[in-house]
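**Student:** Fold the following, please.
(4 chains)
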There are 2 protein chains.
Amino acid sequence: MSTDASTGWAERAQETLAAAGHRRGGARRALLELLDGQECALTAQEIEDALRPRGSARGQGGRRRVVSRASVYRILDELEQLRLVQRVETGQAMVRYERVSEHDEHHHHLVCDECGVVMPFSDAGLERAIKTLSERVPLAVSEHEIVLHGSCQDCCAA
Amino acid sequence: MSTDASTGWAERAQETLAAAGHRRGGARRALLELLDGQECALTAQEIEDALRPRGSARGQGGRRRVVSRASVYRILDELEQLRLVQRVETGQAMVRYERVSEHDEHHHHLVCDECGVVMPFSDAGLERAIKTLSERVPLAVSEHEIVLHGSCQDCCAA
DNA sequence: TTTACTGCAAATTATTTGCACGGTT
DNA sequence: AACCGTGCAAATAATTTGCAGTAAA
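**Tutor:** Numbering: from 1, shown residues only, chains lettered A, B, ... in the order given. Predicted coordinates:
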C-alpha cells in the first residue's frame, strides 16, 4: 500500500485479479511487470516484442518467456475490464494500452503524425475544464481521453 | 440556396477536390452530400448503409446508387488528406468520420459505453484550455480530439 | 484433482488494393 | 480519346477464438 505509485500498481493489479478469481500465470505476471515499468502507452505488438526473450535477465527473476499474442490481447482485455489498464486510441493503426494509476495524476497524449512518436503530457487547467464540463453534459462521465496531433520537434526541424 | 456553414461545406469540398485535380464521380458526390447533412460522425458501415438505395428513387433528385465499400474508404481517405474530413476514434470497433467545417465551432464527442451512442458537444472553456496548453507542449499541434466516455441518460435510467 | 492459463493456429472483421469497365473532361 | 473514378472480389493486418496441453490451487 505504501511505496510509490508505480510500484503499487502491479501489486494492486495482482490483488484485484486474485479477487476476481484469477490465478497467477506466467504470461500475466510478465505483462504486469512490463506495463508497470512503462511511462506511456504501448501497442500489443510492442508488448509482444518486449516480452520476447532477448539477451537475458532484467529485473530480479529475469526468466523471460515468450508470451503469445493471444495472451497479450486476452490479458489486456481482462485488465481493461477491471479498469487496471486503459486503451489509448492515437489514430495510428494499432490501439495502445497503458496502466491506470490510482495515485498518479493521469496523463494524455501527444502524437506526431509524421514519425508516429507518442508522448505523455498532463495539464491541470485542462483537467479542470474537463471536470467542469463533465457535469454539464448529458452523460455520466467515467473516463476521458485527449489526444493532440501535430509534428514533434525532431520532425519540425528535419 | 442558403449560405449557412453546413451548406458551404460540400461546395468547398467540391472546389478543393477540383483544385486537387479530381473529377466528379457519382460516389463521391453522394458521399459529400451525405456527410454534409450529418451533425455527427459516422462509421464507414453507416455511410455505406445510408447510401444504399432504399426503395426506389425518392423524389426526383434522389437518383440513388449503390456505393461500394471500397469507394467509401477511398473517398474518405482523400477527404481526410485534404482536411475536409476528420477521423474520430471512439474506442468502438470502427473508426468514425465527419466533415470538418471552417466556420462552425468544431465539436468533440460523448460516447456511451453501454449502448454505443455518440453525441457531439462543444465547450469554450475546454477549447481555451487546449489552446493555451498547445503552446507549452513539445509538439506543433495541428489537431486535437477529445472523447468523454460514460453512460448516457437512457442507459443510466434503465 | 480441478479448473484456470497459455500457446498455436485457424477464424473474424475492418480496411486496403488490383483490376477492368464506365463516366467525366 | 485520355484517364480518373468506381464496383467487385481478393488481399491485408489487427484482434479474437477454439482447442489441447501445462500449471496453479
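
**Student:** Contacts for stretch A:25-32 next, please.
**Tutor:** Stretch A:25-32 is contacted by residues A:10, A:13-14, A:17, A:22, A:47, A:51, A:64-65, A:67-68, A:71-72, A:75-76 when judged by C-beta atoms under 8 Å, 6 or more residues apart in numbering or on different chains. Using the backbone N, CA and C atoms, a C-beta is placed for each residue, glycine as well.

**Student:** wait, does that stretch contact DNA strand C?
**Tutor:** Yes. Applying C-beta under 7 Å from any atom of the strand, one finds that stretch A:25-32 is in contact with DNA strand C at A:Gly25, A:Gly26, A:Ala27, A:Arg28, A:Arg29.

**Student:** Please narrow the contacts of stretch A:25-32 to those residing in helices.
**Tutor:** Judged by DSSP state H, the contacts of stretch A:25-32 include A:Ala10, A:Ala13, A:Gln14, A:Leu17, A:Ile47, A:Ser71, A:Val72, A:Ile75, A:Leu76 as members of helices.

**Student:** rewinding a little: narrow the contacts of stretch A:25-32 to just the buried residues.
**Tutor:** When the contacts of stretch A:25-32 are checked for burial by 16 or more other C-beta atoms under 10 Å in any protein chain shown, the buried set is A:Ala10, A:Ala13, A:Gln14, A:Leu17, A:Ile47, A:Leu51, A:Arg64, A:Val67, A:Ser71, A:Val72, A:Ile75, A:Leu76.

**Student:** Would you check that the last one makes contact with A:Arg96?
**Tutor:** So the one you mean is A:Leu76. No. Between A:Leu76 and A:Arg96 there is no contact under C-beta atoms under 8 Å: 10.2 Å.

**Student:** What parts of chain A come near chain B?
**Tutor:** Neighbours of chain B within chain A, by C-beta under 8 Å from any C-beta of the partner chain: A:87, A:89-91, A:110, A:112-113, A:119, A:121, A:123, A:125-126, A:128-130, A:132-134, A:136-153, A:156.

**Student:** Of these, which belong to strands?
**Tutor:** Secondary structure from DSSP state E places A:87, A:110, A:112, A:119, A:121, A:139-152 of those in strands.

**Student:** Buried subset of those, written for ChimeraX?
**Tutor:** Those of these that count as buried under 16+ other C-beta under 10 Å are selected in ChimeraX with:
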select /A:87,110,112,119,121,139,141,143,144,145,146,147,148,149,150,151,152
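
**Student:** That'll do, ta.
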